[in-house]
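Chemist: Turn this into a structure:
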Amino acid sequence: MGAQHAAQLGTVMTPATEAYAERMMQEFQRRGEVITDSAAVASQLEPDEVIERLLTTNGLQPLVMRLLDAAAHTDSTRKLRMLRMILGQAISNRSRRLDEDILIMATLDDLEPAHLRVLEALDEHVASGPPQQRGTSEP
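Modeler: Predicted coordinates for the structure are as follows:
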């Protein structure tokens, strides 16, 4: 009886498994596109150049592996965009700081959506300029 039940279960599960696998592939493709397109913007390179640098630049493999791992742990487009900034800077023409980039990426991977909102709020606050002195005068 065990083989018969397994065959019946397989018949029922196959469409669901195929649909799930298709959905996973679509999601991986979406994440890859967000990262590649955003890294192109951050590095000021074309998407094809981003891929070329990722494939040919020595030392980037640990960073790329960390990025892929972090991207697999989130469905947050906000976090994917932040990850791309790190990747974009790493493949740009700036001096290489891969250990620092990997550390930043690992830290970002551990952040939750609320933490990301706080970071964005701080960034917006800094971008708006120095705070005004209220009710005080400088000597």
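Chemist: so what's the residue positioned nearest the centre of the chain scoring on pLDDT?
Modeler: Ranked by distance to the mean C-alpha position of the chain (Cα atoms, centre = their mean), the top residue is Leu80 at 2.9 Å. For Leu80, the pLDDT comes out at 80.
Chemist: Pretty sure Asp37 is one of the things it touches, is it not?
Modeler: No. Using Cβ atoms under 8 Å, Leu80 makes no contact with Asp37, being 10.2 Å away. All C-beta spots, glycine's among them, are computed from the backbone N, C-alpha and C.
Chemist: what helix or strand does the residue nearest to the centre of the chain sit in?
Modeler: Under the criterion of DSSP states H and E, Leu80 resides in helix 77-91.
Chemist: Run through who's touching that helix.
Modeler: 31, 34-43, 45, 50, 53-54, 57, 60, 63-64, 67, 70-71, 74, 96-98, 101, 104-105, 108, 111, 113, 116, 120 (Cβ atoms under 8 Å, 6 or more residues apart in numbering).
Chemist: how many neighbours does Ile35 have?
Modeler: Residues near Ile35, counting by other Cβ atoms under 10 Å, number 22.
Chemist: shaky segments in the chain?
Modeler: Along the chain, the parts satisfying pLDDT under 70 run over 1-2, 5-13, 130-139.
Chemist: outside of the host helix or strand of Val126, which residues touch it?
Modeler: For Val126, the host element (DSSP H and E) is helix 113-127. Helix 113-127 is contacted from outside by 76, 78-79, 82, 111, using Cβ under 8 Å, 6+ apart.
Chemist: Tabulate the CA atom coordinates of that helix in CSV.
Modeler: Presented in CSV, the C-alpha positions along helix 113-127 are these (Å, rounded to 0.1, in the frame of the first residue of the first chain):
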residue,chain,number,x,y,z
PRO,A,113,12.6,46.6,8.2
ALA,A,114,12.2,48.9,11.2
HIS,A,115,15.9,49.3,11.4
LEU,A,116,16.1,50.2,7.7
ARG,A,117,13.4,52.9,8.3
VAL,A,118,15.5,54.3,11.1
LEU,A,119,18.6,54.4,8.9
GLU,A,120,16.6,56.1,6.1
ALA,A,121,15.2,58.7,8.5
LEU,A,122,18.7,59.4,9.8
ASP,A,123,20.0,59.8,6.2
GLU,A,124,17.2,62.2,5.4
HIS,A,125,17.9,64.2,8.5
VAL,A,126,21.6,64.5,7.7
ALA,A,127,20.8,65.4,4.1
